[in-house]
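[1] Got a predicted structure plus its sequence, pasted below:
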Amino acid sequence: MSHEGIRMMQPEAGAAQESPKLTGEAIEPVRVKVDKSGGAGMVIHWKDGHSSSWSFAWLRSACPCATCTEEREKMGLAPGQTRAKAALLPIYQDPVRPLEVSPVGNYALKFKWNDGHESGIYSWDYLRNVADVEALRQGASAQPLQGGDLRSGGQ
């Protein structure tokens, strides 16, 4: 077997190193608060002591489904980023909010959004390793919530 045409690429000097992927207790929630009625967003308290928070608008634009991920990649956007739409006559749109939030096994949440979208499954791994990192990088964060717990206890 010939290896002609295969080139080994070296990372460019100064290229950003990826953070190590969090596992174990770092991606196990102790408490999940979803403020559906107030519309503020979601907060997760993780077993390792870290807390993450996101607004619903940020979470919707970070949808991990294949369609949304592909659209973001085509536009060169990170999870949570949106492309500003220029409109001649701005039309009022309801703020992004979930109509339903439901657990998916012991590993994720599924949102049914008020725009009709519902195919994204937000795994604990995705929320901690992708969404939390991107939200912090972009300076996005929801305010502390007063809503009820979706899941609580030390499982």
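    That came through, no problem.

[2] how about the residue most central in space within the chain, secondary structure?
    Averaging the C-alpha coordinates of the chain gives a centre point, and the residue nearest to it by Cα atoms, centre = their mean is Ala131 (3.6 Å). Reduced to three states with DSSP: H, G, I helix; E, B strand; the rest coil, the structure at Ala131 is helix.

[3] do the one 4 residues further on as well
    The three-state assignment at Ala135 reads helix, by three-state DSSP.

[4] I'd guessed it sits against Ser52; true?
    Yes - look at Ala135 against Ser52 with Cβ atoms under 8 Å: they come within range, at 7.4 Å. To be clear about C-beta, it is placed using only N, CA and C from the backbone, and glycine gets the same treatment.

[5] ok, the closest residue to Thr82 other than its chain neighbours to His45 distance?
    Closest residue to Thr82 in three dimensions, ignoring its sequence neighbours and counting by Cβ to Cβ, 6 or more residues apart in numbering: Ser61, at 4.7 Å. Distance, Ser61 to His45, using Cβ to Cβ, to the nearest Å: 23 Å.

[6] What of Val34?
    The spacing between Val34 and His45, counted by Cβ to Cβ, is 13 Å.

[7] The two - which one has more neighbours?
    Remark: of Val34 and His45, Val34 carries more neighbours, 23 against 17, as counted by other Cβ atoms under 10 Å.

[8] Quick check: phi and psi on the more buried one?
    Backbone torsions for Val34, taken as degrees, to the nearest 10, come to phi -120, psi 120.

[9] All the helices of this protein, residue numbers only.
    Remark: helices assigned in the chain by DSSP state H are 56-61, 66-75, 124-126, 132-138.

[10] quick one: average confidence on the first one?
    Confidence over helix 56-61, taken as the mean pLDDT, stands at 95.

[11] any low-confidence regions in the protein?
    Counting by pLDDT under 70, the chain contains low-confidence ranges at 1-19, 85-90, 140-155.

[12] all strands of it, in order?
    Assignment of strands within the chain using DSSP state E yields the ranges 29-34, 42-46, 51-54, 98-104, 108-113, 121-123, 149-152.

[13] In TSV, list those strands along with distance to Ala66.
    Converted to TSV, these look like this (distance: least, Cβ to Cβ, whole Å):
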stretch	distance to Ala66
strand 29-34	24
strand 42-46	22
strand 51-54	21
strand 98-104	16
strand 108-113	15
strand 121-123	11
strand 149-152	25
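
[14] I'm done for today, thanks for sticking with me.
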